[in-house]
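*Asks:* have a look; sequence and predicted model below, questions after that.
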Amino acid sequence: MISINNKNNGDNKKKGEKNRIDWKSVEEKWRDRWEKQRIFQADPDFGKKKYFITVAYPYPNSPQHIGHGRTYTLADVHARYMRMKGYNVLFPMGFHYTGTPILAMSRRVASLDKDLLETFDKVYHVPKDTITSFVEPVKIASYFHNEIRLGMKELGFSLDWRREFSTVDMIYSKFISWQFRTLRKKGLIVQGSHPVGWCPNDQNPVSQHDTIGDVEPAFNEYTLIKFRLGDGYIIPTATLRPETIYGATNLWVNPNIEYVKICLIDKDERWIVSKEAAKKLEFLDHKVTIESYVLGNELVGTLAKNPVTHVSLPIYPALFVEADNGTGFVMSVPAHAPYDYRALEDLKNNFSIQKEFGLRSVEVKPIAVIESDDYSGIDVIPSKQIINKFNIQDQTDTEIEKATNELYSHEFYKGKMLQNTGKYGGMPVSEAKEKVKSEILMSGDADIMFELINKPVRCRCGTECVVKLLNDQWFLNYGDTKWKHLAHECLNNMEIVPEEIRQEFNYVLDWLRERACARKTGLGTRLPWDQDWIIESLSDSVIYMAYYILAKYVNDKSIIDVNNLKDSAFDYVLLGRGDIVEVASECNISSALLEQIRQEFTYFYPVDSRHSGRDLVPNHLSFFIFNHVAIFDRENWPKQIVVNGSVLMDGKKMSKSLGNIIPLRDAIKEHSADAIRLAMLISAELLQDADFSFDTVKGIRSKLQDIYDMGMESSTNSSQSQTKRAKINEELVDRWLLSRLQRTIADTTMSMDKLRVREAAHNIIYSLDHDLQWYEKRVRAKNRESSSAQSTLSTFLNTRIRMLAPFAPFISDEVWEKIDNSSTSIIFAGWPSADEDKMDIVAEESEQLIMNLIFDLQKIVRVTRINPKKIIFYTTAHWKLKVYNKILSSVFLKSNPNFGDIMKQLIKDPETTKAKNDSNMVRKMIEDILSDPIETRNRRLRLEDFDERLPIEDARNLLSLESGNEHAEILVYSEDNTDQSGYDQKHKAKFARPFKPAIYLIDR
Ligand SMILES: [Zn+2]
């Protein structure tokens, strides 16, 4: 039997000490048992619904710290939840060795990088000898692979380890070769010149995994418009708005920068650009030789000819022009570019600058060439208007950037070209932009330039990345329109959790173009048809979820000789193509085995849920979609993507310099796996950054201890009382607790189905705890036999522990073993379902009434400082209840009802006509109702007869206790009968309102 905790705190502490959980042995015991019972090994069970859940596999280039744990724990909670819902869940794990991170790290070890060696030693406690061995990349990978695997086991992840692999396994390489040959056959891999993010030091393309801080290099395509000087030199200016060339009034040069005069041999042209731009041009495949240097101020005042309008424009000085931005020159379009407008005004007003540069006068005027909804009419200068709107004072104002973006996007979507743009007059800007661009490109008056828009991006080797036009490079053609179309189709049919992230996916699918898929260095699989190249890490990790099916067979060396596997085997197993007899003989496998693997694939595929951090939306998760639709038939396209935010430590980003990187395994050892798991998930919903703190961990641990204690008491007593199990004695508060429990089950199930895990964990840990405490308080106050609460508490614990199980699997199994007397995991007990019959609105209303009365009572005692001898409760008169119900049904969902209308209705009805004598009371009732949550209003609507007297009498002892005088006498009268009782001498009864009895204290 479960006894009620004694109220005395000292007792509680003693009890805690006695039963303190030995986390280490509990965790070891269950890890061992789960493994022996093979609970997480999933094989096809054709009579059972399957659920295939995967999470982005880790890079074993460091051990996992707290920050890594969230995504994996979330996936594990999801997997465990689905198992308890009755699904046959497959949850496997692999390890990603491919690419440059591990290689880069071994180079840093070889060069005795102090920072890195110290991290290995001081933060991760890697033995010194082992660190020395890290000059070999594979040693790093295998060491941390093992560390991560141990950490995942210690955290209780319910993985099917039979399917583990690494991406440099020989058979995985065969699988990747098959993937690439398949994509190439479909024409999705192309060779050519395309821009890529590039590390000049490593001579290698770079993507997110190769950069410091994991930033994906992002670049834009600019149009370089060629303005010609009288001496034949060209000044190119980079712009994203070539259509505004008709409004160009001048060029900007930074007078303090040194520029270079260069010869572009490949074009046979002479250009003037900043030194930085000259380097960028080389990476964009131009043959550049430098002829001489020229200071910016020497160019001020020179005239340059607009290649489209043939007007000669002056070059003016401006300090906002940066050497590393574009070419170091800017085409000035003051009517449409706030920067240009502001700089021109600044120059016009600054005579000393004009004098310094020998400018006689600055006469140019903005020329508007676009009109749009917000900016149209004669003499309207859009940039002038928006500068006024943002109240921008000069060209250094930071708001100018915002104004620029707003105007650009407004004119792009809503603008039309004006008649002064010749044949483009009247054309939408979005269309004119492309037409003008291609016309000037065709005529040779413009060129293309790619520029990083999120620079500086640094390679892991420390070098700043650039955009390089790469020749003969192999690309996955994510720009292919048919392919994009399929990817969108897949996304549209997929569940994205949380839904708000879908837009980001749509944007990325549209934005992705050709992407370099091979590198010259790094670990990985060679491109099957061009052995000089190694397939890069974001291209060999897109359909590996299918490989988990094969891995089970491959890992058992006795089953398949991997040397014999050919493409035809992958075609058959993964695509259902080919003749089984031929494939079997080609690969030297039995047809039966081949068929078995195929069956297993069709059973578990597609992926039902893919988990990952939010940072993988623009690359991995989008490639995952693209490659699935390219290779697999529709029935095998993924069903769901779940994205989560990152983890902060006590509100701060985790970083070595802050010293707040905590290795996961250390944290588990010290605080227990269950508490760490819960603390990672309970602080935030999916997209928010989770704020991890050890205070939360400790708080959760003590809650888990309470649950454990309850389980232990239940089990020690249950054997004795089994024979004479007390007849179920359901009092009001028992009905209440069971009803609350049903609501919590319903709410928590809904939360879990949407993966709102913070909400779910909160219900299980905190809300139920709150309910339990109330229950115990009520039972204690009534001096009930503890056996009389046993049945209710057993049901409560049994249900709560099943909801807790996905989050805190170790303690849940430990408690379950005790209370259920079984040795099978709680997983098989299943997720509880809410029992409608046990939802009891009268009990809920009753307990709510008692809680409210205690609150009011204590307030009165505090304010009046009365030590009550008698406490009188006046319950409401019957007519008020009628009035209340009438108001409730008329204002139910409104937030701002009309008082006059309500009064009219009440007076019309003879049952409630009394309301006209007490309009104040009616007002108060309306206020009462509006301040109640919808849930409460809903419940009261359904409540037929509610007698307030019953709960007050039931809680008589508790009310006295809480008043401060446990001997206070409790008296209850109805407002309807007070005249006769003589107990309303102070005329308090008239203040009673429905659900708000009036209270009167007497101190003698
Ligand atoms: Zn590098």
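*Replies:* Structure received.
*Asks:* just to check, K484 is in contact with D510?
*Replies:* Yes. Counting by CB atoms under 8 Å, K484 does reach D510; the two are 7.0 Å apart. For every residue, glycine as well, the C-beta is placed using N, CA and C.
*Asks:* who has more neighbours out of these two?
*Replies:* Neighbours around K484 and D510, counted as other CB atoms under 10 Å, are more numerous at K484. The numbers are 17 against 10.
*Asks:* and the more buried one, what does it touch?
*Replies:* The contact partners of K484, by CB atoms under 8 Å, 6 or more residues apart in numbering, come to Y478, L509, D510, L512.
*Asks:* list buried members of the residues you listed by neighbour count.
*Replies:* Y478, L509, L512 (16 or more other CB atoms under 10 Å).
*Asks:* how about these in TSV, adding secondary structure?
*Replies:* Below are the buried ones among the contacts of K484 laid out as TSV (DSSP: H, G, I helix; E, B strand; the rest coil):
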residue	secondary structure
Y478	coil
L509	helix
L512	coil
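*Asks:* of those, closest to L943?
*Replies:* L943 has its nearest neighbour among the buried ones among the contacts of K484 in L509, at 51.8 Å by CB to CB.
*Asks:* which ones are touching that closest one?
*Replies:* Per CB under 8 Å, 6+ apart, neighbours of L509: K484, A487, H488, L491, S622, I625, F626.
*Asks:* can you select the buried ones among these for me in ChimeraX?
*Replies:* Filtering those down to the buried ones (16+ other CB under 10 Å) takes a single ChimeraX command:
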select :484,487,488,491,622,625,626
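*Asks:* just the ones of the contacts of L509 in helices?
*Replies:* Counting by DSSP state H, the part of these found in helices is K484, A487, H488, L491, S622, I625, F626.
*Asks:* can you tell me how far the first one is from V89?
*Replies:* Right, K484. Going from K484 to V89 by CB to CB, to the nearest Å gives 33 Å.
*Asks:* cool, P195 as well?
*Replies:* Relative to V89, P195 is positioned 43 Å away (CB to CB).
*Asks:* again, but for P63
*Replies:* Taking CB to CB, one finds P63 at 27 Å from V89.
*Asks:* so those two - more neighbours on which side?
*Replies:* A count of neighbours by other CB under 10 Å puts V89 above the other of P63 and V89, at 26 against 23.
*Asks:* tell me the pLDDT of the more buried one.
*Replies:* The per-residue pLDDT reported for V89 equals 98.
*Asks:* that one contacts K49, doesn't it?
*Replies:* No. In this structure, V89 is not within contact of K49 by CB under 8 Å, at 9.8 Å.
*Asks:* the bottom helix or strand of this structure by mean pLDDT?
*Replies:* One helix or strand of the chain scores below all others by mean pLDDT, DSSP states H and E: helix 9-19, with a mean of 47.
*Asks:* C-terminal to that one, what's the next element?
*Replies:* With elements assigned by DSSP states H and E, the helix or strand that comes after helix 9-19 is helix 23-36.
*Asks:* name the nearest residue to the residue in the stretch 151-300 of the chain that the ion sits nearest to, ignoring sequence neighbours.
*Replies:* Nearest residue of the stretch 151-300 of the chain to the ion (CB to the ion) works out as C199 at 3.3 Å. Excluding the flanking residues, the one nearest C199 by CB to CB, 6 or more residues apart in numbering is C459, at 3.8 Å.
*Asks:* okay, now the one you found: neighbour count?
*Replies:* C459 has 22 neighbouring residues, counting by other CB under 10 Å.
*Asks:* also the one 5 residues further on?
*Replies:* A count of neighbours around E464, defined by other CB under 10 Å, yields 13.
*Asks:* ok, for it, nearest residue in space, not its chain neighbours?
*Replies:* Counting by CB to CB, 6+ apart, the residue nearest E464 is P456, at 5.1 Å.
*Asks:* and if you look at N254?
*Replies:* V321 (4.1 Å).
*Asks:* residues contacting S568?
*Replies:* By CB under 8 Å, 6+ apart, the neighbours of S568 are G578, E582, V583, E586, C587.
*Asks:* which helix or which strand is home to it?
*Replies:* Assigned by DSSP H and E, S568 falls within helix 567-575.
*Asks:* send the alpha carbons of that helix over as CSV?
*Replies:* This file holds the C-alpha atoms of helix 567-575, laid out as CSV (Å, rounded to 0.1, in the frame of the first residue of the first chain):
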residue,chain,number,x,y,z
ASP,A,567,24.9,-2.6,-58.1
SER,A,568,22.2,-5.1,-59.2
ALA,A,569,21.8,-6.1,-55.5
PHE,A,570,21.1,-2.5,-54.5
ASP,A,571,18.8,-2.1,-57.4
TYR,A,572,16.8,-5.2,-56.4
VAL,A,573,16.7,-4.6,-52.6
LEU,A,574,16.1,-0.8,-52.6
LEU,A,575,14.3,-0.3,-55.9
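*Asks:* would you confirm that E276 contacts F283?
*Replies:* No. E276 is beyond contact range of F283, at 11.3 Å (criterion: CB under 8 Å).
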